[in-house]
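Peer 1: sequence plus predicted model, see below.
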Amino acid sequence: MPTGDDASTLIDAFLDGLWLEQGASDNTLAAYRRDLVAWGKRLEGEGERLLAPGPRTLSAWIDERRGAGYQLRSNARMLSSLRRFYRWALAEGMIEADPLAEVRLPRVRPALPNTLEEAEVERLLEAPDLATDLGVRDRAMLEVLYGAGLRVSELVGLTTDALNLRQGVVRVRGKGDKDRLVPLGEEAVAWLERYLRTARGALMADVTRPALFPGRGDRAMTRQTFWHRIKVHALTAGIDRPLSPHTLRHAFATHLLNHGANLRVVQLLLGHSDLSTTQIYTHVAQVRLEALHADHHPRG
């Protein structure tokens, strides 16, 4: 364990401990290093040491970062890195008191995922050209994506034996190779039946291949291809807001909550192992309610 106050040596020792004790990833370690190196250089410029920062240096540096355009979230992450470093130094007996003990981390509202209003979803679902086999396939894919809240990787990986249209469910293999049964809803079932009856055979040279939604060569469609299809249909639907590959999954969860679904149920449908991951959608729903109040309430 280092005994001096050489910033580089201290940072290396802290990161080594983080890796040994918690198995921190390379990306996590690199983020901590960036924050600590930047902080060390700021202290050096003030003639201060890493283990003995001046009481006003941190607040001055945060003000400078704000002026340089750093967002609240970036400053909060940086402060979290410094706090962890000084708690480590305190536990190792390198300092007698945590210089950041009285510093409060700024409250950062969770980043809200991109989603769509229900009317926008309807326009997107109706965008494919149903006079073509590709259009019927795309409509079925969009209906399943929105009706079941799947990840794009789960959607394109579906096989024909994963469907039970009589019971209206699909077996999905999610993260960690965990399977879950997800209800499809009447609309998705109806479009799947039409697609299987009329379009899939026309799109495949060998219909015995397992891919439910084929791309080239009867193989499962790639995520990139389907994402391209979504962007094409969004353009047709007149949707010009930024979209992500998970936009319809986000819409699925948000709209369920808007209509009174239980958070635990949404967690199970999405295949989240941790409820905290699902809770982001409560914030989305709350933002929507606040906007409705502001737009329509006489005191809004």
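Peer 2: Arrived safely, thanks for sending. Everything numeric here is computed off the predicted structure, so don't read it as measured data.

Peer 1: quick check: chain neighbours aside, which residue is closest to residue 147?
Peer 2: If you skip the residues right next to it in sequence, residue 147 has residue 188 as its closest partner in space, 3.5 Å away by CB to CB, 6 or more residues apart in numbering. In this view, the C-beta of every residue, glycine as well, is placed from N, C-alpha and C.

Peer 1: remind me which helix or strand the one you found belongs to.
Peer 2: Of the helices and strands defined by DSSP states H and E, residue 188 is found in helix 186-194.

Peer 1: for that helix, which positions count as buried?
Peer 2: Buried residues in helix 186-194, counted by 16 or more other CB atoms under 10 Å: 188-189, 191-192.

Peer 1: from these, which two are the most distant?
Peer 2: Farthest pair in those (CB to CB) is 189 and 191. Separation: 7.5 Å.

Peer 1: quick one on the thing from earlier: report the buried residues of the helix or strand just after the helix holding residue 188.
Peer 2: Counting by DSSP H and E, the next helix or strand C-terminal to helix 186-194 is helix 200-203. Of the residues in helix 200-203, those buried under the neighbour-count criterion (16+ other CB under 10 Å) are 200, 203.

Peer 1: what do you get for stretch 154-168?
Peer 2: 154-158, 162-163, 168.

Peer 1: next one: stretch 6-16
Peer 2: Applying a neighbour-count criterion of 16+ other CB under 10 Å, one finds 7, 10-11, 13-15 buried in stretch 6-16.

Peer 1: doesn't residue 146 make contact with residue 248?
Peer 2: Yes: using CB atoms under 8 Å, residue 248 is in contact with residue 146, at 4.5 Å.

Peer 1: okay, and the helix or strand of this protein with the least pLDDT?
Peer 2: The weakest-scoring helix or strand in the chain, judged by mean pLDDT, DSSP states H and E, is helix 280-296 (a mean of 51).

Peer 1: farthest-separated two in the buried residues of stretch 154-168?
Peer 2: 156 and 168 (20.9 Å).

Peer 1: can you list residues touching both of residue 248 and residue 146?
Peer 2: Taking CB atoms under 8 Å, 6 or more residues apart in numbering as the contact criterion, the common neighbours of residue 248 and residue 146 are residue 121.

Peer 1: who has more neighbours, these two?
Peer 2: Neighbour tally, residue 248 and residue 146, criterion other CB atoms under 10 Å: the higher count belongs to residue 248, 28 against 23.

Peer 1: residue ranges with poor pLDDT in the stretch 1-150 of the chain?
Peer 2: 1-5, 70-72, 103-114 (pLDDT under 70).

Peer 1: tell me where it has helices.
Peer 2: Under the criterion DSSP state H, counting those that start in this stretch, the stretch 1-150 of the chain contains helices at 7-22, 26-45, 57-67, 72-91, 118-125, 133-148.

Peer 1: and those, which is most packed in?
Peer 2: Comparing the helices of the stretch 1-150 of the chain on average neighbours per residue, with mean count of other CB atoms under 10 Å, the densest one is helix 133-148 at a mean of 22.

Peer 1: and that helix, how far out from the chain's middle?
Peer 2: Averaged C-alpha coordinates place helix 133-148 at 22 Å from its chain's average position (CA atoms, centre = their mean, to the nearest Å).

Peer 1: next, the angle helix 186-194 makes with that helix.
Peer 2: Going by axes from the mean of the first three to the mean of the last three CA atoms, to 10 degrees, helix 133-148 is angled at 150 degrees with respect to helix 186-194.

Peer 1: who touches helix 133-148?
Peer 2: Contacts to helix 133-148, defined as CB under 8 Å, 6+ apart, come from residues 121, 124-125, 128-130, 150, 152, 155, 158, 170, 172, 182-185, 187-188, 191-192, 194-195, 198-200, 202-203, 213, 226, 229-230, 233, 248-249, 251-252, 269.
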